[in-house]
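> How does the following fold in three dimensions:
(one chain, ligands or ions: 1)
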Amino acid sequence: MAKKQFKSESKRLLDLMIHSIYTHKEIFIRELISNASDAMDKMYYKALTTDKLDFNKDNYKIKIITNKEDRTFKIIDTGIGMTKEELDKNLGTIAKSGSLNFKEENDAQEGYDIIGQFGVGFYSSFMVADEVMVKSKAYGSEEAYCWTSKGADGYTLDICSKEDVGTEITLTIKENTEDENYDTYLNPYHLKSLVKKYSDFIRYPIIMEIPVSNLKEGSKDEFEESLEEQTVNSMVPIWRKNKNELKDEDYENFYSEKHYGFDKPIKHAHISVEGAIRYNAILFIPEKAPYDYYTKDYEKGLELYSNGVLIMHRAPELLPDHFSFVKGLVDSEDLSLNISREMLQHDRQLKLISKNIEKQIKKELLSLLKNNREAYDKFYESFGRQLKYGIYADYGMNKDLLSDLLLFYSSKDKKLVSLDEYIERMPDDQNFIYYATGESLEKIEKLPQTEQLLDRNYEILYLVDDIDEFAVKVLTNYREKEFRSVTSNDLGIEDLDNKEELEEEIEKNKDLFAKMKTILDDKVFDVRPSKRLKNHPVCFANDGDISIEMEKILNQMPNGQQVKADKVLEINIEHKVFDALKAALKDNEDDFALYTKVLYDQARLIEGLSIDDPVEFADNIWKLMK
Ligand code: ADP
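Predicted coordinates for the structure are as follows:
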């Protein structure tokens with residue numbers, strides 16, 4: 001039969017993998033065992049949900065056989081098998097589309113585990129084998145098929161003979177090289193330890209032939225070698241084990257085995273609940289966001305088991321959106337095996353479980369924040385944005401749950417601070433939580449509007465993420481302290497807000513401000529003397545609910561409605577610019593109009609807004625130079 005080519009993206013990916021300097025080549029064992037176990041779960045599930053099939057647990061096992069002479073490693077399962085089409089589809093396409101791009105983007109990242117991330121599990125065998133052969137007979141099918149490949153140059157797919165339903169995979173293990181001892185994958189003792197390490201809790205027996213030496217019959221000192229079939233895994237699922245017997249490493253191995261993520265989880269929680277509802281759960285907080293996390297392709301959910309049997313790979317009902325990053329599983333004796341997706345949504349037990357899980361996750365995150373700040377910061381880099389969406393979503397319904405988990409950058413040290421930390425170090429005379437928005441910390445720091453506040457030693461939250469200000473608006477206050485923007489018309493500071501001279505100045509120069517407003521037409525909501533400026537001549541302040549930063553963000557969105565912030569042009573009346581304005585108003589109306597326009601454009605530039613007519617702006621500057 002003609003050789004078939006891998007789909008082009010797969011080919012490149014496979015090439016990358018074969019030649020990758022991936023250090024944990026041994027994980028191919030974990031991957032193959034996991035596939036075998038899944039295939040048997042599928043049979044079990046079929047038996048439980050249709051009456052056509054009897055399931056006798058004794059018939060389900062995984063066998064590993066090695067042969068040093070012909071350098072083969074064989075893994076045989078009695079699972080559901082694959083049809084010809086399935087062999088072609090499942091083994092002809094390595095990864096979901098888009099993964100190669102991701103791989104290339106992230107190549108710089110060290111220790112990057114492409115294998116776990118994209119379910120290219122089966123292909124990990126090419127890291128240790130020159131040739132891979134998969135013989136499979138699908139449940140309900142008369143024929144068996146054989147798939148063989150030597151790697152990236154393609155594969156063949158032919159009919160073959162195989163008696164039992166299931167899959168048999170044969171790897172021809174590579175010859176040793178200077179850097180790599182491939183012989184270890186043919187050594188039964190070593191393999192046994194690897195199976196224990198990675199796959200101990202697989203619920204089906206993993207059987208190996210282990211050489212043992214026994215006394216020769218009738219002899220006292222002569223030994224003979226024979227092969228003994230041993231079940232090498234304990235078969236107790238990790239979540240049924242006693243927490244005290246498990247090490248962090250066991251949980252980490254389980255996390256990789258399950259393909260929950262390619263990172264190391266930051267934290268895990270192992271829960272056993274007795275009482276009205278009974279369940280075991282293992283929850284993981286990942287360190288890094290999966291590449292599709294912030295896209296609509298990402299599917300949240302926990303695995304759902306009913307008394308040890310996997311009934312759903314991903315039950316989204318178990319996780320609220322704001323904690324959609326959590327990975328793990330729930331096993332409950334109280335759930336029916338035959339529960340359908342539709343029923344699941346209304347299941348009372350499941351609702352209770354998911355409420356409990358939400359509480360547990362909150363508890364874990366808070367404890368991380370309090371006890372391991374460095375790890376929490378890492379977590380927050382990856383998933384903070386999701387927590388902020390959570391505040392904003394559903395009209396702020398979850399803000400009480402989430403607000404103490406938030407972090408923002410602040411003017412102090414430009415590090416992330418929690419709102420509790422912020423409030424605790426507020427000076428006595430400060431009444432509000434101040435915030436400033438902008439594209440970057442550097443840009444915010446230079447905003448003229450922050451001067452007076454920083455002078456008073458007030459800390460300012462620096463909101464650099466698009467979602468930040470929306471979240472803050474929904475929060476409105478935290479521990480009874482209101483949030484206040486540095487561009488707000490009322491900064492809530494007695495001696496700044498109620499400057500008598502200011503009132504006088506307004507009164508005296510009513511005409512000047514009104515004229516400026518007329519010149520700027522509908523571009524500004526108002527022109528006023530500033531309370532917050534110290535060294536700079538102008539800035540924008542904000543009336544109304546939509547801030548300038550929000551205007552920018554909303555207008556960038558596709559099909560976004562054009563929204564406008566009510567901009568107030570503030571003039572620093574203690575600055576020389578004010579004298580110039582007054583003089584021009586008296587002597588030269590043209591100059592006055594020119595100054596007004598230039599000041600307005602400057603305020604726009606400071607805010608990072610574009611100028612309506614850059615050519616006119618350039619000409620205006622030129623006119624000023626004359
Ligand atoms: P993943 O297991 O993450 O989906 P793999 O590349 O390991 O990715 O396997 C691809 C698919 O091939 C599996 O989803 C499964 O449908 C099928 N498969 C692999 N191994 C077996 C097996 N031993 N028995 C039945 N199907 C298998």
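> and Glu358, that one's in a strand?
No - counting by DSSP: H, G, I helix; E, B strand; the rest coil, Glu358 is not part of a strand but helix.
> which residue does the stretch 451-600 of the chain bring closest to the ligand?
The nearest approach of the stretch 451-600 of the chain to the ligand comes at Ile467, 32.5 Å away (C-beta to the nearest ligand atom). In this view, the C-beta of every residue, glycine as well, is placed from N, C-alpha and C.
> for the stretch 301-450 of the chain, that is, sorry about that
Each residue of the stretch 301-450 of the chain has a distance to the ligand, by C-beta to the nearest ligand atom, and the smallest belongs to His313, at 10.4 Å.
> Tell me if I'm right that that residue and Glu303 touch.
Yes - with contact defined as C-beta atoms under 8 Å, His313 and Glu303 form a contacting pair (6.1 Å).
> Same drill for those two, tell me which one is more crowded.
The neighbour count for His313 versus Glu303, taken as other C-beta atoms under 10 Å, is higher for Glu303 (20 against 12).
> quick one: contacts of whichever helix or strand the residue of the stretch 301-450 of the chain closest to the ligand is part of?
Counting by DSSP states H and E, the element that carries His313 is strand 309-315. Judged by C-beta atoms under 8 Å, 6 or more residues apart in numbering, the contacts made with strand 309-315 from elsewhere in the structure are 41, 44-45, 48, 299-305, 330, 335, 337, 339, 341, 344, 350.
> Endpoints of stretch 49-67, how far apart?
For stretch 49-67, the first and last residues are 39 Å from each other (C-alpha to C-alpha, to the nearest Å).
> Please spell out which residues along that stretch are buried.
By 16 or more other C-beta atoms under 10 Å, the buried positions in stretch 49-67 come out as 60-66.
> Repeat that for stretch 271-283.
When burial is assessed from 16+ other C-beta under 10 Å, stretch 271-283 yields the following buried residues: 271, 273, 277, 279-283.
> Spatially nearest residue to Asn187, not counting backbone neighbours?
In space, and not counting its chain neighbours, Asn187 is closest to Thr66: 7.6 Å by C-beta to C-beta, 6 or more residues apart in numbering.
> From the contact count, pick out the helices and strands touching the helix or strand containing that neighbour.
Counting by DSSP H and E, the element that carries Thr66 is strand 62-67. Using 3 or more C-beta pairs under 8 Å, 6 or more residues apart in numbering; DSSP states H and E as the contact criterion, the neighbours of strand 62-67 among helices and strands are helix 27-49, strand 72-77, helix 188-199, strand 206-215.
> what stretches of the stretch 501-626 of the chain score poorly on pLDDT?
By pLDDT under 70, the weakly predicted segments of the stretch 501-626 of the chain are 559-561.
> where exactly do the helices run in it?
With DSSP state H, counting those that start in this stretch as the criterion, the stretch 501-626 of the chain has helices at 510-520, 548-556, 576-587, 589-606, 614-625.
> now the stretch 151-300 of the chain
In order along the chain, the stretch 151-300 of the chain carries the following helices (DSSP H, counting those that start in this stretch): 188-199, 248-257.
> which stretch among those comes nearest the ligand?
Closest among the helices of the stretch 151-300 of the chain, using C-beta to the nearest ligand atom: helix 248-257, at 11.2 Å.
> what pairs with the strand holding His313, and is each one parallel or antiparallel?
Paired with strand 309-315 in the same sheet, following DSSP bridges, are strand 302-306 (antiparallel).
> contacts for the partner strand?
Surrounding strand 302-306, the residues in contact under the criterion C-beta under 8 Å, 6+ apart are 258, 281, 283, 310-315, 318-319, 326-333, 335-337, 339, 357.
> let's go with 7 Å and repeat that
310-315, 318-319, 328-332, 335-337 (C-beta atoms under 7 Å, 6 or more residues apart in numbering).
> Sort out which one of the buried residues of stretch 49-67 lies nearest Glu245 for me.
Looking at those and their distance to Glu245, the nearest is Ile62, at 23.7 Å (C-beta to C-beta).
> what's the distance between the closest one and Glu168?
Here Ile62 is placed at a distance of 11 Å from Glu168 (C-beta to C-beta, to the nearest Å).
> repeat for Ala129
Using C-beta to C-beta, we find Ala129 at a distance of 14 Å from Glu168.
> Who has more neighbours out of these two?
In this comparison of Ala129 against Glu168, neighbours counted by other C-beta under 10 Å, the higher total goes to Ala129 at 25 against 20.
> Bridged to that one, which residues?
On DSSP bridges, the residues paired with Ala129 through beta bridges are Ile173.
> Could you tell me the per-residue confidence at it?
Per-residue confidence (pLDDT) for Ala129: 94.
> need the residues of this protein near the ligand, please.
Neighbours of the ligand within the chain, by C-beta under 6 Å from any ligand atom: 31, 35-36, 39, 77, 79-82, 90, 119-122, 167.
> Which one of these is nearest to Ala541?
Gly119 (53.0 Å).
> just the strands in the stretch 151-300 of the chain please.
155-160, 166-173, 206-215, 223-231, 267-273, 279-285 (DSSP state E, counting those that start in this stretch).
> List the strands paired with the fourth one, with their directions.
For strand 223-231, sheet partners with direction are given as strand 206-215 (antiparallel), following DSSP bridges.
> Now do the partner strand: everything it contacts.
Contacts of strand 206-215 from elsewhere in the structure, counted by C-beta under 7 Å, 6+ apart, are 33, 61-65, 188, 191-192, 195, 199, 223-233.
> Now which of the residues you listed would you call buried?
Taking 16+ other C-beta under 10 Å as the criterion, what is buried in those is 33, 61-65, 188, 191-192, 195, 199, 232-233.
> between the strand holding His313 and helix 27-49, how big is the angle?
For strand 309-315 and helix 27-49, the angle between their directions (axes from the mean of the first three to the mean of the last three C-alpha atoms, to 10 degrees) works out to 110 degrees.
> Now strand 309-315: buried residues?
Neighbour-count burial for strand 309-315 [16+ other C-beta under 10 Å]: 310-312, 315.
> cool, stretch 431-450 as well?
432-438, 443-444, 447-450.
> Span of that stretch from start to end?
End-to-end distance of stretch 431-450: 16 Å, with C-alpha to C-alpha as the criterion.
> same thing with stretch 558-575?
41 Å.
> hmm, who's touching that stretch?
Stretch 558-575 has contacts (C-beta under 7 Å, 6+ apart) with 489, 505, 524-530, 533, 536-544, 546-548, 550-551, 554-555, 577-578, 600, 603.
> Can you tell me which of these are buried?
Here the buried ones among the contacts of stretch 558-575, as counted with 16+ other C-beta under 10 Å, turn out to be 489, 505, 524-530, 533, 536-542, 546-548, 550-551, 554, 577-578, 600, 603.
> Give me the below-cutoff pLDDT ranges for the stretch 101-250 of the chain.
101-120.
> and if we set it to 80?
Along the stretch 101-250 of the chain, the model assigns pLDDT under 80 to residues 101-121, 152-153, 198, 201.
> Show me the two of the buried residues of stretch 431-450 that sit farthest apart.
Longest distance between any two of these is 22.3 Å, between Phe432 and Lys443; criterion C-beta to C-beta.
> rewinding a little: what's the closest of the buried residues of stretch 431-450 to Asp587?
The closest of those, once distances to Asp587 are taken by C-beta to C-beta, is Pro448, at 27.9 Å.
> check contacts around that closest one.
Taking C-beta under 7 Å, 6+ apart as the criterion, Pro448 is in contact with 533, 536, 539, 606.
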